[in-house]
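A.B. asks: here are the coordinates; sequence isn't available:
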């Protein structure tokens, strides 16, 4: 059976994929740095690590360390590269670190594959919808456009929606397809763009089948409840269960494409088991936009919480208004179709959260950092 190397395999998506691969008889090796931001400072207490340890080979290491990659790549047949610093807000001030981990770590992997003998026959990168920035919009009068980052002036005046560059009228968000303009609005998005370009260029150069999977907003059981940069479902859940108010950015109508982790695992497995040549970027999502306000209200109802939901009008530099995926390409190429609708996925997530110990998540501290650096307004 094939041996699959998963960098960052102890993380939220990676650990779910590991369990799926093991159930199908694959041998799995993980290269992971046991990040305290994800697992806490006592890694033995991490639910993600406890769910995996003893079931596969784990190498504790750093993707910026060439020797760690060499150990991990020994007799591996495929690489699935998850290891990455994530989070839009944090990336806007921790610039050198994000660039170092995400770009240098990826470059070292590809440098080794090009210059040393190895058995790698497939490469899969966990890319991100963040590379699109605002994504694809339509103006009724002037057609398809890809708006630039929204200005602080407009945001402070409550004008959150992108407008037509010609007539200045509000535009409508459309499903963002893989041919859309790549225009990241955050340091994180830029690093994911570079990762993807490196992977796809390497695949073209070597004829190794290579996939860049542009994950949308992934959620589900196992998502960190301690990491303040992990996503709004976890952040909102922690606030609601502490009976704290929820402060929603902008007007709450900004939307995201939330895709359940099992669907993401299925898409990744389809790429791993695809027969034939490939050097391709594919969206992985639900294809349905959900507003942040709707998420907050749904969670409040499910937790039977009395917490106040407040529309703050504040905003973060680097955030986008809307973005949801077109799934036509991945459906035709891999046969992928998401199975878990948002309401069902949210119920599963909430039921899992109820089984967890809820501690402080550091969210308020993260906001203070953003404010001090002029990134939260």
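C.D. replies: Sure thing, it's come through. Fair warning: this is a prediction, and the values are worked out from it, not measured in the lab.
A.B. asks: Rounded mean pLDDT for stretch 70-90, please.
C.D. replies: Averaged over stretch 70-90, pLDDT sits at 95.
A.B. asks: Could you pull out the buried residues of that stretch?
C.D. replies: 72-73, 76-90 (16 or more other C-beta atoms under 10 Å). For every residue, glycine as well, the C-beta is placed using N, CA and C.
A.B. asks: Could you list which of the residues you listed belong to helices?
C.D. replies: 72-73, 88-90 (DSSP state H).
A.B. asks: between those residues, which is nearest residue 281?
C.D. replies: residue 88 (20.1 Å; C-beta to C-beta).
A.B. asks: rewinding a little: check the ones in helices among the buried residues of stretch 70-90 and tell me the two furthest apart.
C.D. replies: Top of the distance list for those (C-beta to C-beta): 73 and 89, 33.0 Å.
A.B. asks: Tell me the first helix or strand C-terminal of the helix-or-strand element of the chain with minimal mean pLDDT.
C.D. replies: Across the helices and strands of the chain, mean pLDDT, DSSP states H and E gives its lowest value to helix 36-39, namely a mean of 71. Counting by DSSP states H and E, the next helix or strand C-terminal to helix 36-39 is helix 47-50.
A.B. asks: which helices and strands does that next one pack with?
C.D. replies: helix 36-39 (3 or more C-beta pairs under 8 Å, 6 or more residues apart in numbering; DSSP states H and E).
A.B. asks: I'd say residue 102 and residue 191 touch.
C.D. replies: Yes. At 3.8 Å, residue 102 counts as touching residue 191 under the criterion of C-beta atoms under 8 Å.
A.B. asks: More neighbours: those two, which one.
C.D. replies: Applying other C-beta atoms under 10 Å to residue 102 and residue 191 shows that residue 191 carries more neighbours, namely 28 against 23.
A.B. asks: hang on, the more buried one is in a helix, isn't it?
C.D. replies: Yes. Residue 191 sits within a helix when classified using DSSP: H, G, I helix; E, B strand; the rest coil.
A.B. asks: In this structure it contacts residue 99, no?
C.D. replies: Yes. Residue 191 is in contact with residue 99 according to C-beta under 8 Å; the separation is 6.0 Å.
A.B. asks: Pull the residues that contact stretch 170-178.
C.D. replies: Here stretch 170-178 makes contact (C-beta atoms under 8 Å, 6 or more residues apart in numbering) with 129, 132, 135-140, 144-145, 147, 161-164, 214, 255, 281-283, 287, 289, 321-329.
A.B. asks: buried subset of these?
C.D. replies: 129, 132, 135-137, 139, 145, 147, 161-164, 214, 255, 281-283, 287, 289, 321-327, 329.
A.B. asks: what residues go with each domain of the chain?
C.D. replies: Residue ranges for the domains of the chain, per automatic domain parsing: 3-131+176-228+258-287+323-343, 137-173.
A.B. asks: quick one: terminal-to-terminal distance for the longest one?
C.D. replies: This points to domain 3-131+176-228+258-287+323-343. For domain 3-131+176-228+258-287+323-343, the separation between the terminal residues is 36 Å (C-alpha to C-alpha, to the nearest Å).
A.B. asks: now do the shortest one
C.D. replies: With C-alpha to C-alpha as the measure, domain 137-173 spans 4 Å from end to end.
A.B. asks: What residues sit buried inside that domain?
C.D. replies: For domain 137-173, using 16+ other C-beta under 10 Å, the buried residues are 137, 139, 145-147, 149-150, 155, 160-164, 171, 173.
A.B. asks: mind listing the strands for the stretch 251-377 of the chain?
C.D. replies: In the stretch 251-377 of the chain, the strands defined using DSSP state E, counting those that start in this stretch lie at 255-260, 279-284, 289-291, 309-311, 324-325.
A.B. asks: Would you single out the least confident of those strands?
C.D. replies: Looking at the strands of the stretch 251-377 of the chain, the bottom one is strand 309-311 with a mean of 93.
A.B. asks: for that one, the distance to its chain's centre please.
C.D. replies: With C-alpha atoms, centre = their mean, to the nearest Å as the basis, the distance from the averaged C-alpha position of strand 309-311 to the chain average is 25 Å.
A.B. asks: Please identify the pairing partners of that strand and their relative orientation?
C.D. replies: The pairing partners recorded for strand 309-311 under DSSP bridges are strand 246-248 (parallel).
A.B. asks: Need the contact partners of the strand it pairs with.
C.D. replies: 236, 239-240, 292-293, 296, 300, 307-312, 314.
A.B. asks: Switch the residues you listed over to TSV; also include neighbour count.
C.D. replies: Shown next, in TSV, are these (neighbours: other C-beta atoms under 10 Å):
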residue	neighbour count
236	25
239	23
240	24
292	20
293	18
296	24
300	18
307	18
308	11
309	18
310	12
311	16
312	13
314	16
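A.B. asks: by contact count, what packs against the helix or strand harbouring residue 195?
C.D. replies: Element membership for residue 195, per DSSP H and E: helix 187-206. Counting by 3+ C-beta pairs under 8 Å, 6+ apart, the packing neighbours recorded for helix 187-206 are helix 88-91, helix 95-99, helix 105-115, strand 122-128, strand 210-215, strand 279-284.
A.B. asks: ranking the ones you listed by mean pLDDT, which is last?
C.D. replies: When I compare these, helix 88-91 is least confident, with a mean of 89.
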